[in-house]
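Undergrad: predicted model and sequence below, questions to follow.
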Amino acid sequence: MAEMNPSNPLVQALLTDFYQITMAYAYWKCNKHNDDACFDLFFRKNPFRGEFTIFCGLEECIRHILNVGFSQSDIDYLRQVLPDDVHEGFLEYLLNLDGSDITLHAIPEGSIVFPREPLITVEGPLAKLQIIETTLLNLVNFASLVATNAARFRLVAGEDVRLLEFGLRRAQGPDGGVSASRYCYIGGFDATSNILAGKMYGIPCKGTNAHSFITSFNKLTDLDHIEKTINGCPCTMKDFIQICLSYKEAVCNLLKVNSSETIEGELTSFISYAFTFPKSYLVLVDSYDVFNSGVPNFLIVALALQSLNFKAIGVRIDSGDLAYQSIEIRKAFNLAAEHFGFDYFSGLSIIGSNDICEETIASLNQQGHSLNAFGVGTHLVTCKSQPALGCVYKLVKVNGLNRIKLSEDPIKTTMPGKKVVYRLFGKEGHPLADIIQEDGEPAPEGRVLCRHPNVELKRVYINPTSFKCLQKTWVKNGKVSEQLPSIHEIKKLCENEIKMMRKDHVRLLNPTPYKVSVSEAMYQMMHRMILEHTPIREME
Ligand SMILES: Nc1ncnc2c1ncn2[C@@H]1O[C@H](COP(=O)(O)OP(=O)(O)OP(=O)(O)O)[C@@H](O)[C@H]1O
Ligand SMILES: O=P(O)(O)OC[C@H]1O[C@H](OP(=O)(O)OP(=O)(O)O)[C@H](O)[C@@H]1O
Ligand SMILES: O=C(O)c1cccnc1
Ligand SMILES: [Mg+2]
């Protein structure tokens, strides 16, 4: 199916690390390449000093598995970079490689997830699963990081504020930008300014205007000669300018502004924008002076539009104190609403932008403001406060034998075996804890003993009112086995999952860790393996 290609053509078999190919060659040489393997993809620490993560990137992983394969030119290139004596049989093996014997289980995209949980579990031939490691990690790491970042912006902003993603110009390259737009939408943003992402993924596109547009206009007479009329209305530019000017004194008197000090070029730019977009008139008001020019000029044109039965949308401010200015702008809108008798002026939108981060929004909320929307770029899409999520991909089983990787740091010791995660819900409806079990253990029933994976004495009995298994099988032997959700469904899932959490787990500052536990059987198996694989030192 053509539509099941990865959305980025860079996502292909060669988008992996060289060592995956050399290891695959060694597996092949030792006849291990078709060993029956199982790998887990997971992270060890939530990002942004938080206690939750939004899992994203799954659909692109699935698309990669459905399409993975080396072209003849890939093989020709590999022949050049591998040792001279590389066996032709291995290159032939690579040429014929596809995803037909890979099975993938995963937690649904958009879910709230926690450290050490297998987000994706892949089963299939060892060498193939080795080759796709880097690609899957690349597809999940940034996607989950930026979606989590977006979810945090949504949490701090609250439900009633619109969040617009403006990051493309600052993003880490074209793919960073397009991916950020997609996963920020899932994480909680309402729209993007990135029209390619809009087209590719069906994300709503929104935009205002820039200082260059406003400052490119100079004098009203520059527009005088325009012969076109306003869209959907017989009003010419000359007439429209006259209507605007007829409101100038009244607006300036109302706002106690010296009308001769308002900037004519700015008014000209607003008129030209309103003339073009009479139904979506929203302009940037901070190019010269917000209160002595931007706001009066905006209102002059909003009133002119109203006289033609069009309703203005609002303003954007992109500098200065966003709290103070938004409150004062709202006062001006209220005054105009009352004076001119148009109630909706009180509810006009005020969008704030300019280097906004999570802390700025928290601070603005604390100070009080009148913004309806935030336009956020740099801090959101570059994940400035934490540039990477440390997802890893570890072998957990081969030919029926559980495998383990030990570490001095117990949190880095891998959890052996194929596993599933159950989420246990309490009587208030919130998740109480997740429990990682060995695949094949019965589902939790009655009173569930949840053990800390590493600390023997940390145990808790949970009596869940309900539970759910988080994993689903999305690909079975190279074929999609579960209907993939739309981006809008993924977004909705993400929103619901965050809402279900107890507030203290998802608060942004010093949140309470959510319990990720293991079953008794899992605990015993893991610790038996740790003992078996830890050599006992000799001392004299
Ligand atoms: N009331 C506020 N409380 C806290 N932070 C704010 C407030 N208002 C604006 N900010 C933030 O303060 C910073 C102001 O940045 P900066 O001083 O560079 O901008 P500016 O000089 O106002 O604008 P520009 O340089 O674009 O003309 C921005 O990050 C902005 O988001
Ligand atoms: O500030 P960010 O969160 O990255 O959001 C995107 C920014 O991009 C635009 O202006 P740009 O920064 O290009 O120019 P300006 O700041 O000089 O207006 C916009 O006005 C925002 O300020
Ligand atoms: O539409 C906007 O206002 C916009 C788009 C990109 C960057 N800054 C602002
Ligand atoms: Mg800026």
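TA: Done, it's in. Quick caveat, the model's predicted, so the values are computed rather than measured. Ligands and ions are numbered 1, 2, ... in the order given.
Undergrad: contacts, neighbours, all on C-alpha from now
TA: Noted.
Undergrad: pull up the gap between residue 147 and residue 204, please.
TA: 17 Å (CA to CA, to the nearest Å).
Undergrad: what of residue 59?
TA: 20 Å.
Undergrad: so between the two, which is more surrounded?
TA: Legend: neighbour count by other CA atoms under 10 Å for residue 59 and residue 204, higher for residue 59 (21 against 17).
Undergrad: am I right that the more buried one is in a strand?
TA: No. When DSSP: H, G, I helix; E, B strand; the rest coil is applied, residue 59 is found to be helix, with no strand at that position.
Undergrad: so what's it up against?
TA: Residue 59 is in contact with 109, 484, counting by CA atoms under 8 Å, 6 or more residues apart in numbering.
Undergrad: look at it and report its pLDDT.
TA: pLDDT recorded at residue 59 is 98.
Undergrad: what about the residue of the stretch 1-150 of the chain found nearest ligand 3, neighbour count?
TA: Taking CA to the nearest ligand atom, ligand 3 has its nearest neighbour within the stretch 1-150 of the chain at residue 150, 16.5 Å off. Residue 150 has 30 neighbours, counted by other CA under 10 Å.
Undergrad: my read: it touches residue 181, true?
TA: No. With contact defined as CA atoms under 8 Å, residue 150 does not reach residue 181; the gap is 9.9 Å.
Undergrad: which bits of the stretch 351-500 of the chain sit near ligand 1?
TA: For the stretch 351-500 of the chain, the residues in contact with ligand 1 (CA under 6 Å from any ligand atom) are 354, 355, 356, 360, 363, 364.
Undergrad: where does residue 100 land in three-state SS?
TA: Going by three-state DSSP: residue 100 is coil.
Undergrad: any weak-confidence spans in the chain?
TA: The model of the chain has pLDDT under 70 over residues 1-3.
Undergrad: give me the domain ranges for it.
TA: Using automatic domain parsing, the domain parsing of the chain gives 18-149+386-533, 208-371.
Undergrad: quick one: residue 138 from residue 16, how far?
TA: Relative to residue 16, and taking CA to CA, residue 138 is found at 9 Å.
Undergrad: what do you get for residue 232?
TA: 54 Å.
Undergrad: more neighbours: the two, which one.
TA: Counting neighbours by other CA under 10 Å for residue 232 and for residue 16 shows that residue 16 has the greater number, 19 against 8.
Undergrad: run through the residues that contact the more buried one.
TA: 131, 132, 133, 134, 135.
Undergrad: please redo it, this time with the cut-off set to 10 Å
TA: Taking CA atoms under 10 Å, 6 or more residues apart in numbering as the contact definition, residue 16 lies against 130, 131, 132, 133, 134, 135, 136, 137, 138.
Undergrad: so which bits of this structure are right by ligand 1?
TA: So far as CA under 6 Å from any ligand atom goes, the chain lies against ligand 1 at 319, 320, 321, 322, 323, 354, 355, 356, 360, 363, 364.
Undergrad: apply 5 Å and report the result again.
TA: Residues of the chain found near ligand 1 (CA under 5 Å from any ligand atom) are 319, 320, 321, 322, 323, 354, 355, 356, 360.
Undergrad: the second one in helix, strand or coil?
TA: Read that as residue 320. Following three-state DSSP, we place residue 320 in the coil state.
Undergrad: got the contact list for it?
TA: Residue 320 neighbours (CA under 10 Å, 6+ apart): 286, 290, 352, 353, 354.
Undergrad: just the ones of these in strands?
TA: Using DSSP state E, the members of the contacts of residue 320 that fall in strands are 352, 353.
Undergrad: in the contacts of residue 320, which residue is surrounded by the most others?
TA: residue 352 (27 neighbours).
Undergrad: tell me what that one is bridged to.
TA: residue 317, residue 374 (DSSP bridges).
Undergrad: give me the distance between it and residue 320.
TA: 10 Å.
Undergrad: circling back to that earlier point, what subset of the residues of the chain next to ligand 1 is buried?
TA: Among the residues of the chain next to ligand 1, those classed as buried by 16 or more other CA atoms under 10 Å are 322, 323, 356.
Undergrad: ok, and of these, which contact ligand 2?
TA: Restricting these to those near ligand 2 - CA under 5 Å from any ligand atom - leaves residue 356.
Undergrad: so which of the buried ones among the residues of the chain next to ligand 1 comes closest to ligand 3?
TA: The closest of these, once distances to ligand 3 are taken by CA to the nearest ligand atom, is residue 356, at 11.5 Å.
Undergrad: quick one: the helices in the stretch 101-250 of the chain?
TA: Ranges of helices within the stretch 101-250 of the chain are 126-131, 133-157, 173-187, 195-201, 211-215, 237-255, based on DSSP state H, counting those that start in this stretch.
Undergrad: which strands or helices does the first one pack on?
TA: So that's helix 126-131. helix 18-29, strand 36-42, strand 120-125, strand 392-398 (3 or more CA pairs under 10 Å, 6 or more residues apart in numbering; DSSP states H and E).
Undergrad: great, nothing more from me.
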